[in-house]
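**Student:** Sequence first, then the predicted structure:
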Amino acid sequence: IAFFGYNSSFAGPGDVGRYKAELEGFIRHTLSQKYNGNSVPQLAVVSPTAVQDLSDRFSVPDGSEANRNLKLYIEAMREVAGANGALFVDVFSPSQGWSADLTVDGALLNEAGYKKLAPLLADALFGEARVSEDKRDAVHAAVVDKNFTWLNDYKIPNGVHVFGRRYNPYGPGNYPFELEKTRQMTANRDRAIWAALQGQAFDLAAADAGTIELPPVETNYRPSNKNGTVEYLPGEVAETKIEVPAGYQIDLFASEQTFPDLKNPVQIAFDNKGRLWVATMESYPHYRIGDPRPKDKLIILEDTDNNGVADKQTVFADDLHIPIGFEISHDGVYVSQSGSLVRLRDTDGDDQRDEYELLLSGFDDHDTHHAISAFCADPSGAIIMCEGLFLHSNTESVYGPERGSNGGFWRYSPQRKHILRYAQFSIPNPWGVVFDDYGQDFFLHTSGPSMSWMLPGTVKARYGANLNAPDLLTSNKVRPTSGIEIISSRHFPDEVQGDVLINNDIGFLGAKQHRLIEDGTGFTTEYVQDLFVSMDLNFRPVDLEFAPDGSLYVADWQNALIGHMQHSARDPMRDHEHGRIYRVTYPGRPLVQPARIDGATIDELLENLALPEFRTRYRTRRELRERDGLEVSKAASAWAAKQKDERFKLEALWVTWGADRIDANLLGELLDSEDHRIRAAAVRVARFNEHKLPNLTEVLSRAANDEHGRVRLEAITAATHLPRGEGAAVLAIAKAREVDSHMAQSVEFAANVFSGSAVKDEKPEKVAAPKHLEGADAVRFVKGAEIYSREAHCVTCHQPDGKGLPDSGFPPIAGTQWTNGDPDRLIKLTLNGLFGPIEVSGRSYPGQVPMTPFGYILNDEEIASVLTYVRNSFGNQASPIQPGHVKRVREETKDQLGLYSPDELLKQHPMN
């Protein structure tokens, strides 16, 4: 059964011919196969359903243009299917008469919509038959149960480790057996469906007991006094291991000892009532077949007696799987569910979810810790979602298909039901986004040590095209990072306001504080201090957020093992029980009086927008989006008219944007502001209100000629979403002005969008081999430079300059005997990996994260090339490595089990 036509229809009438040819090719190919080994299949081609008009309820297309195009494509389907012997099922025509609430956005069917479609489809495919209502519930339950196990085979999460490029070295120990068991359990459930259809009993538990037993997985954890420890400190003791600067204090707010559900917290957020929501993820890295169903949670923690310690827990949802991102919104809670975005709603006010609505699917979860994560709302309430390397997401909505490749960000607007590939960068795994007071957003690379500015990458994304993200950090870089926040609290000292906080989870276990500084078009930073650092080696700060009272809350993943690819997914030392929340205060200054948000009047809420605390304004805007949009927008415009501070006016503009009733007059006023930060913010608002602003091209043309580069860059990136001719004209205006280093790459990518040029394979600039290398050695040096710089290869830990990240525990390779000494030792650790404490150039490193065993990833020629490069770069000059040498060592070490330890290698190959 093939469902075709919807995505293609957005190409319009001019592409029908191409579509017919491709559909015919698919049908002919399919009908020429013998998938069962004996006979050709029967094939049914099913049309899309009609697009419903929901424009009276949401700011979505009314479906008229989409339905006109769909009719053309459906007639093409009817013609091609009939001519090639395939059954054609037209569900478009009957669905035009459907009027109930059947879709998420007009196009994507909801649960009620699928209930409507199911009998229509079944009758068309198999003929009308008597319905056995008395068996419906039993059959439905059996089908849903089978779906769960079948999907864990067909689209198993973490596929990059199950059968992809990271299958080795740990995958063979568990995944072949898990897949076999999954297929056995799926077959059992298929038998259960047929038994239910026949009204017969089926002992599913007994059938499952006959499936294979999964073999135990051995840990690669090696205890040392510098690694995480399997003996977890009680929360009260761990609290004493955290150091803060003079004047600050950190206290334990909650732990798994008091709240056993607080297992592996991954993201936190305060709601409008001042309660702390926590996403927990005990099923990480992902569900294992045969175990009880996943029970990841969203919990609400409260401090009811205001003593700084949680004393009440409410479980909002307890049936989630890998909720690595969530955002509380005006109309529910949006949650990442690996490959899907879902909305959870509490309809009766008991703080427990009643509705589970799947909004979008098609997000890739080929690597579960790279899937959509670390949600954060922009000033309008649109949700920014991080996504990492290896992933190729393909989503669809009433607006058409939207695709993303590798590292980048998605933007989902609840008001418009609109999904956008917001930015696309050459980054490994971003985990943290934050906005400043003027709507500029910043993010973390996570696997790398960088913090970057979002705007340059918001050029219209093209599949396979990834910009290089600018690094704003100038010193004190650490990795891997997770969680970012800007200090905005009168409870904290005046001199730290506006500084950015960055969590880190390996080596340096704490948060670095950097001053965020204007730098022409863009930004730079200056290191300030370490806000907190722990001596508890299991401390893993993954998120942080300022509370309504101005204190800072920190989520601690609390785990001896950290690293997705460095250990087996089923390593028994992965912890699934611990989790902590800490609270940072500055006792010498009073706490902030929490602003009234929940239950406040619209006038009270608008006054909150003049408060200094960003998070208070963030939550206030969220509350305003929950109120009547027309009333809110009118009140916001009236409030803005009384304000002299243009930043307050900007807040009001954002409120009208969030209500989807943009105040065009206020927008025009702020576009003419004398403050470039206000003008840039206003251009951003205009960009995302193209459905409300018929003069958007004119607005962007003016901004493209602005005296300040940031305003011009906002215009350039926005223009890439205009029709080609209009956008190219805006770009030409901007290029007539100075194109500085902050915008040069964006200008190049924008030009390629308008020209339709093929996506360039962005590779590091070729380096020249040093003069002492000749012939094949020189060629290998150049190739090695490219391999060294690949994502998730050498550069991630050892850095472009070869100096490593000592503060994070990643040693240098410049000027060291480990690099320049015995080639056999170097080849062995490259082939088989390295794990454990190590001394490099007189400094000790904990070796908490194993070095990747590249023998599974690179061939002999590639390893010879990259080792030749590192032995002759960064001031090194040592003998080149030959492929034959690598081949010999590979053969000699083929029976090596697991990663080498430094001590083991030094016994075999002592230092000179």
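**Tutor:** On my side now, so go ahead.

**Student:** In three-state terms, label Ile341 for me.
**Tutor:** In this structure residue 341 is Leu, not Ile. Secondary structure, DSSP: H, G, I helix; E, B strand; the rest coil: Leu341 is strand.

**Student:** Can you tell me how far the nearest residue to it once chain neighbours are set aside is from Lys512?
**Tutor:** Closest residue to Leu341 apart from its sequence neighbours, by Cβ to Cβ, 6 or more residues apart in numbering: Leu360 at 4.5 Å. Every residue, glycine included, has its C-beta placed from N, CA and C. For Leu360, the distance to Lys512 equals 35 Å [Cβ to Cβ, to the nearest Å].

**Student:** Identify the residue nearest His708 in space, chain neighbours excluded?
**Tutor:** That would be His676: by Cβ to Cβ, 6+ apart, it lies 3.7 Å from His708.

**Student:** Any chance of the backbone angles for that neighbour?
**Tutor:** Phi and psi for His676, reported as degrees, to the nearest 10, are phi -60, psi -30.

**Student:** ok, it touching Arg710?
**Tutor:** Yes: using Cβ atoms under 8 Å, His676 makes contact with Arg710 at a distance of 5.9 Å.

**Student:** of the two, who's got more company?
**Tutor:** Under the criterion of other Cβ atoms under 10 Å, the comparison of His676 against Arg710 puts Arg710 first, with 25 against 18.

**Student:** And Ala238, which helix or strand is it part of?
**Tutor:** helix 235-240 (DSSP states H and E).

**Student:** contacting residues around that helix?
**Tutor:** 250-252, 255-257, 534, 536, 538-539, 558, 580, 582 (Cβ atoms under 8 Å, 6 or more residues apart in numbering).

**Student:** Enumerate the positions of that helix that are buried.
**Tutor:** Neighbour counts over helix 235-240 (16 or more other Cβ atoms under 10 Å) mark Gly235, Ala238, Glu239 as buried.

**Student:** which among those residues gets closest to Pro823?
**Tutor:** Ala238 (43.7 Å; Cβ to Cβ).

**Student:** Tyr900 and Leu834 touch, don't they?
**Tutor:** Yes: counting by Cβ under 8 Å, Leu834 is a contact partner of Tyr900 at 5.4 Å.

**Student:** Tell me which of these two has more neighbours.
**Tutor:** Shown here are Tyr900 and Leu834; by other Cβ under 10 Å, Tyr900 has more neighbours (23 against 20).

**Student:** who are the neighbours in contact with that one?
**Tutor:** Lys828, Leu829, Asn832, Gly833, Leu834, Phe835.

**Student:** Can you name the residues that contact the residue nearest to His708?
**Tutor:** Asp706, Glu707, His708, Arg710, Val711.

**Student:** Over to the fourth one: give its phi and psi.
**Tutor:** This means Arg710. phi -70, psi -40.

**Student:** For it, list the residues it contacts.
**Tutor:** By Cβ under 8 Å, 6+ apart, the neighbours of Arg710 are Leu455, Thr521, Gly522, His676, Arg677, Ala680, His742.

**Student:** which residues does the third one form a beta bridge with?
**Tutor:** On DSSP bridges, the residues paired with Gly522 through beta bridges are Asp519.

**Student:** State the distance from it to Pro846.
**Tutor:** From Gly522 over to Pro846 (counting by Cβ to Cβ), the distance is 35 Å.

**Student:** Also Gly457?
**Tutor:** 34 Å.

**Student:** How about Gly599?
**Tutor:** For Gly599 relative to Pro846 (Cβ to Cβ), the value is 50 Å.

**Student:** So these two - more neighbours on which side?
**Tutor:** Neighbour totals were compared for Gly599 and Pro846, and Pro846 leads with 18 against 9 (other Cβ under 10 Å).

**Student:** Would you check that that one makes contact with Phe810?
**Tutor:** No: in this structure, Pro846 is not within contact of Phe810 by Cβ under 8 Å, at 10.1 Å.

**Student:** which neighbours do those two share?
**Tutor:** Gly507.

**Student:** Adjacent strands (with direction) for whichever helix or strand Glu396 is part of?
**Tutor:** Element membership of Glu396 [criterion: DSSP H and E] is strand 392-397. For strand 392-397, the paired strands and their directions (DSSP bridges) are strand 400-405 (antiparallel).

**Student:** Buried ones in the strand it pairs with, by neighbour count?
**Tutor:** Gly400, Glu402, Arg403, Gly404, Ser405.

**Student:** one step back: out of the contacts of helix 235-240, which are buried?
**Tutor:** Ile250, Leu252, Ser255, Glu256, Ser534, Asp536, Asn538, Phe539, Gln558, Arg580, Tyr582.

**Student:** Am I right that Pro837 is in contact with Gly809?
**Tutor:** No: in this structure Pro837 lies outside contact range of Gly809 using Cβ under 8 Å: 9.8 Å.

**Student:** Mind checking which of these two has more residues around it?
**Tutor:** The neighbour count for Pro837 versus Gly809, taken as other Cβ under 10 Å, is higher for Gly809 (23 against 18).

**Student:** How much space separates that one from Ala461?
**Tutor:** 34 Å.

**Student:** same question, Leu670
**Tutor:** With Cβ to Cβ as the criterion, Leu670 and Ala461 are 27 Å apart.

**Student:** between these two, who's got more neighbours?
**Tutor:** The neighbour comparison of Leu670 against Ala461 (other Cβ under 10 Å) goes to Ala461, with 26 against 23.

**Student:** Could you grab the helix/strand/coil label for that one?
**Tutor:** Under three-state DSSP, Ala461 comes out as coil.

**Student:** what's the pLDDT at it?
**Tutor:** At Ala461, the model reports a pLDDT of 96.

**Student:** which residues in the stretch 151-300 of the chain form helices?
**Tutor:** Here the stretch 151-300 of the chain has its helices, by DSSP state H, counting those that start in this stretch, at 159-162, 175-197, 204-209, 235-240.

**Student:** most neighbours per residue, which of those?
**Tutor:** Per residue and on average, the most neighbours among the helices of the stretch 151-300 of the chain fall to helix 159-162, with a mean of 22 (mean count of other Cβ atoms under 10 Å).

**Student:** partners of the closest residue to Leu552 other than its chain neighbours in the sheet?
**Tutor:** In space, and not counting its chain neighbours, Leu552 is closest to Val584: 4.1 Å by Cβ to Cβ, 6+ apart. In this entry, Val584 is beta-bridged to Ile250, Leu552, by DSSP bridges.

**Student:** need the contact list for Val584.
**Tutor:** Per Cβ under 8 Å, 6+ apart, neighbours of Val584: Val244, Tyr248, Gln249, Ile250, Leu531, Phe532, Ser551, Leu552, Tyr553, Val554.

**Student:** From Tyr527, how far out is it?
**Tutor:** 19 Å.

**Student:** Run through the helices of the stretch 451-600 of the chain in chain order.
**Tutor:** Under DSSP H, counting those that start in this stretch, the stretch 451-600 of the chain gives no helices.

**Student:** Which residues are in contact with the closest residue to Asp378 other than its chain neighbours?
**Tutor:** Nearest residue to Asp378, sequence neighbours excluded (Cβ to Cβ, 6+ apart): Ile384, at 6.1 Å. For Ile384, the contact set (Cβ under 8 Å, 6+ apart) comprises Phe375, Cys376, Ala377, Asp378, Phe409, Trp410, Arg411, Tyr422, Val433, Asp441.

**Student:** please redo it, this time with the cut-off set to 10 Å
**Tutor:** Counting by Cβ atoms under 10 Å, 6 or more residues apart in numbering, Ile384 makes contact with 325, 327, 374-378, 409-412, 422-423, 430, 433-435, 441, 443, 454.

**Student:** try Phe409
**Tutor:** With Cβ under 10 Å, 6+ apart, Phe409 has these contacts: 372, 374, 376, 384-387, 420-425, 427, 430, 433, 441, 443, 454, 457-458, 461.

**Student:** Quick check on Thr717: phi, psi?
**Tutor:** phi -70, psi -40.

**Student:** same deal with Ala750?
**Tutor:** Torsion angles, degrees, to the nearest 10, at Ala750: phi -60, psi -40.

**Student:** next one: Leu320
**Tutor:** The phi/psi pair for Leu320 (degrees, to the nearest 10) is phi -100, psi 170.
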